[in-house]
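In: following is a predicted model, sequence given first.
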Amino acid sequence: MTDRLLGHAAGLAVSAFVIVADRLTKVAAVAWLDPLHPREVIPGFFDLTLVRNPGGVFGFMRDLSEGIRSVVFTLVPALVIAGIAWYAWRLPPEQRLTRTALSLVLGGATGNLIDRIMLGHVIDFLDVYWRDHHWPAFNVADSAICIGVALMLFEGLFVRSPGASDPLPPRSEGDAS
C-alpha cells in the first residue's frame, strides 16, 4: 500500500473513531442523564449535564426559526464536511499533522451533523465550570473539532513545512547594514 493510501486509511480511522465515540457517549448521555439533575464528577469543576442544543457552537443562532435553523445547520456543515474531505484527500503523505487535525474536525463535524439530521438538535453533556461561571456544555464531537483546530494552529505557528523557505534568507558575512 502506498504512503498516500496509508495516510487516507489513517485519516478515515481517526474520523471513524471520533464518530463512534461521539455516538456512543451521546446515546449513553440520553439514557443515563436527567436534564434537570446534573451528575457531579469533579465537585466545583465538572458535571455531566444533558443539554439539547438547537443552535450552533455555544448555542449560537438558537433563536432562529426551526426551518431556517435546520437548513443552516444541515446544509452548511454538509458542505464544510465535503470541503474538508476533498482537501484532506489532496494532502501529500508527509503532512500527517494536518491530516490528523482535519480528520478530527471531519469526525466531529460529522458526529454533530448526524445529531442534527436524526434529532433536529445536538446532544451536549460535558459541563465544565468554575464556581458560577459555566463554559457552554459540549460533547466528544465538539472536543475533536477544537483539538483539530488547535493542531492546525500549532502547525501553522510552530511547525515548519517540508520544503518551506525562510521568509528572510540568512545574511552573508559581506552584507552591510
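Out: Everything's here; your move. Numbers count the residues shown, from 1 in each chain.

In: now do the SS call for V20.
Out: Recorded secondary structure, V20: helix (DSSP: H, G, I helix; E, B strand; the rest coil).

In: number of residues surrounding it?
Out: 13 (other CB atoms under 10 Å). (Each C-beta comes from the backbone N, C-alpha and C, glycine too.)

In: how near is it to F45?
Out: From V20 across to F45, the span is 27 Å (CB to CB, to the nearest Å).

In: again with A137
Out: 14 Å.

In: which residue is nearest the centroid of this structure?
Out: I145 (1.0 Å; CA atoms, centre = their mean).

In: that one against L104, yeah?
Out: Yes. With contact defined as CB atoms under 8 Å, I145 counts as touching L104 (7.0 Å).

In: okay, the residue nearest to the centre of the chain: pLDDT?
Out: Here, the pLDDT recorded for I145 equals 96.

In: now swap in I123 and tell me
Out: Note on I123: pLDDT of 97.

In: what's the local residue count around it?
Out: Neighbours around I123, by other CB under 10 Å: 24.

In: beta partners of it?
Out: R52 (DSSP bridges).

In: for it, give its distance to T74.
Out: 16 Å.

In: how about S143?
Out: 22 Å.

In: the more surrounded of the two?
Out: Shown here are S143 and T74; by other CB under 10 Å, S143 has more neighbours (17 against 14).

In: give me the element the more buried one is part of.
Out: Per DSSP states H and E, S143 falls inside helix 140-158.
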